[in-house]
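> Sequence plus predicted model, see below.
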Amino acid sequence: MLSLKNACRNVFFLFLLAAPVGAYSDDFATNTIEQNVRRRDSSSDARPDRHNRLSYYLYIEDFISSFIEIPTSNVLLGGSTISSSYLAGRAPIYNRHDDQVGTCSASFLNMQNEDGIFTDISNYLSVDNGLIVSWFTPSTLANLELDSIVHSMVTECIVLASTKVGFNPFYGKEFNMVVSADDEKIYFKLREIEDQ
């Protein structure tokens with residue numbers, strides 16, 4: 001009579017013999033790895049949706065609470081600049097599932113002269129999935145209040161993922177980006193521009 005251990009071993013060998021040739025080949029291993037990567041990427045929002053779009057947002061209050069101010073002053077006495085300020089801030093960004101997935105930072109150089117208030121904004125978006133984009137936004141403001149300054153980020157532009165840090169499936173890709181706002185949030189919607 002066969003022992004339980006020998007019986008299990010015989011069943012295992014029969015299973016191996018009955019398995020189709022190539023079932024344990026490199027293709028099987030590769031497909032398994034690709035499925036795991038796809039599962040991981042979809043759960044972490046690392047890939048655009050089926051329309052090649054990415055969507056993030058931040059809370060304006062988070063952004064304003066992080067602000068620092070760098071002192072500014074006229075270089076020449078009697079210069080044309082009436083007032084100026086230089087602010088910088090950063091805030092966490094969230095995906096459409098409300099998961100924190102990265103950071104947005106921006107600096108705002110505000111200058112007021114007789115013609116009005118001009119703001120030069122340098123923006124930077126860094127997402128955990130590897131997406132890194134930066135862009136500049138020139139804007140005019142009604143006043144120098146913080147809420148008005150943050151809302152001046154609203155724009156539409158073409159951005160290039162030209163910075164590669166670690167794993168970055170977006171490196172070299174172009175996106176049409178729309179930055180919009182409401183009373184509570186700034187929204188970043190990116191649509192990949194496909195090669196023509």
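Alright, I've got the coordinates. Residues are numbered from 1 along each chain as shown.

> ok, for the residue most central in space within the chain, nearest residue in space, not its chain neighbours?
By Cα atoms, centre = their mean, the chain has its centre lying nearest to Val127, at 3.5 Å. Setting aside the residues directly before and after it, Val127 is nearest to Gly102 in space (Cβ to Cβ, 6 or more residues apart in numbering), at 3.8 Å. To be clear about C-beta, it is placed using only N, CA and C from the backbone, and glycine gets the same treatment.

> and the helix or strand that that neighbour is a member of, C-alpha only, in PDB?
Element membership for Gly102 (DSSP states H and E) is strand 100-113. The C-alpha coordinates for strand 100-113 follow below in PDB (Å, rounded to 0.1, in the frame of the first residue of the first chain):
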ATOM      1  CA  GLN A 100      -3.700  61.400  -2.200                       C
ATOM      2  CA  VAL A 101      -1.400  60.800  -5.200                       C
ATOM      3  CA  GLY A 102       1.200  63.600  -5.400                       C
ATOM      4  CA  THR A 103       1.900  67.300  -5.000                       C
ATOM      5  CA  CYS A 104       1.300  70.600  -6.800                       C
ATOM      6  CA  SER A 105       3.600  73.500  -6.100                       C
ATOM      7  CA  ALA A 106       3.600  77.000  -7.600                       C
ATOM      8  CA  SER A 107       5.200  80.300  -7.100                       C
ATOM      9  CA  PHE A 108       3.400  83.600  -7.800                       C
ATOM     10  CA  LEU A 109       5.300  86.800  -8.700                       C
ATOM     11  CA  ASN A 110       2.800  89.700  -8.500                       C
ATOM     12  CA  MET A 111       3.600  93.200  -9.700                       C
ATOM     13  CA  GLN A 112       1.200  96.200  -9.700                       C
ATOM     14  CA  ASN A 113       1.800  99.300 -11.800                       C
END
